[in-house]
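Undergrad: Coordinates only, no sequence provided:
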């Protein structure tokens, strides 16, 4: 769902003439970091999902927000969070300058 939005936003920046400075990349890091922290809280406090979108691997209160951010596998999820919340914004920010 969100992947299409991300691609559309990046294409509009790459093909458009929007003013952008690399130092604005910090806001993306803040957003990515806050989502990563929220997904960790979601796992620690066992918030889970509602019964309309239940997962089959875990009980309702243990279901991750997204399968990609499954904190039952902390090493894999930590690498994904690091790549998406720290490395990717700097790479994409460098493309715009």
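TA: Perfect, thanks for sending it. Please read these numbers as outputs of a predicted model, since none were measured by experiment.

Undergrad: Distance-wise, check residue 60 relative to residue 52.
TA: 10 Å (C-beta to C-beta, to the nearest Å). (Each C-beta comes from the backbone N, C-alpha and C, glycine too.)

Undergrad: Have a look at those two and say which one is more surrounded.
TA: A count of neighbours by other C-beta atoms under 10 Å puts residue 60 above the other of residue 60 and residue 52, at 14 against 5.

Undergrad: Quick check, the more buried one in contact with residue 46.
TA: No. Residue 60 lies out of contact with residue 46 (C-beta atoms under 8 Å); the separation is 9.3 Å.

Undergrad: Just the pLDDT for the residue of the chain most remote from its centre.
TA: The outermost residue of the chain, judged against the average C-alpha position, is residue 17 (26.0 Å), by C-alpha atoms, centre = their mean. On pLDDT, residue 17 comes in at 74.

Undergrad: and if you look at residue 55?
TA: Residue 55 carries a pLDDT value of 81.

Undergrad: Specify the local secondary structure of the residue farthest from the centre of the chain.
TA: Secondary structure, DSSP: H, G, I helix; E, B strand; the rest coil: residue 17 is coil.

Undergrad: ditto for residue 75
TA: helix.

Undergrad: just residue 65 next, same as before
TA: Classification of residue 65 by three-state DSSP places it in coil.

Undergrad: who touches it in this structure?
TA: 39, 42, 49 (C-beta atoms under 8 Å, 6 or more residues apart in numbering).

Undergrad: So which residues of this protein form strands?
TA: Using DSSP state E, no strands are found in the chain.

Undergrad: where along it do the helices fall?
TA: Listed in chain order, the helices of the chain (DSSP state H) span 2-15, 25-44, 74-82, 88-96.

Undergrad: okay, these in CSV with mean neighbour count next?
TA: Converted to CSV, these look like this (neighbours: other C-beta atoms under 10 Å):
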stretch, mean neighbour count
helix 2-15, 10
helix 25-44, 14
helix 74-82, 14
helix 88-96, 14
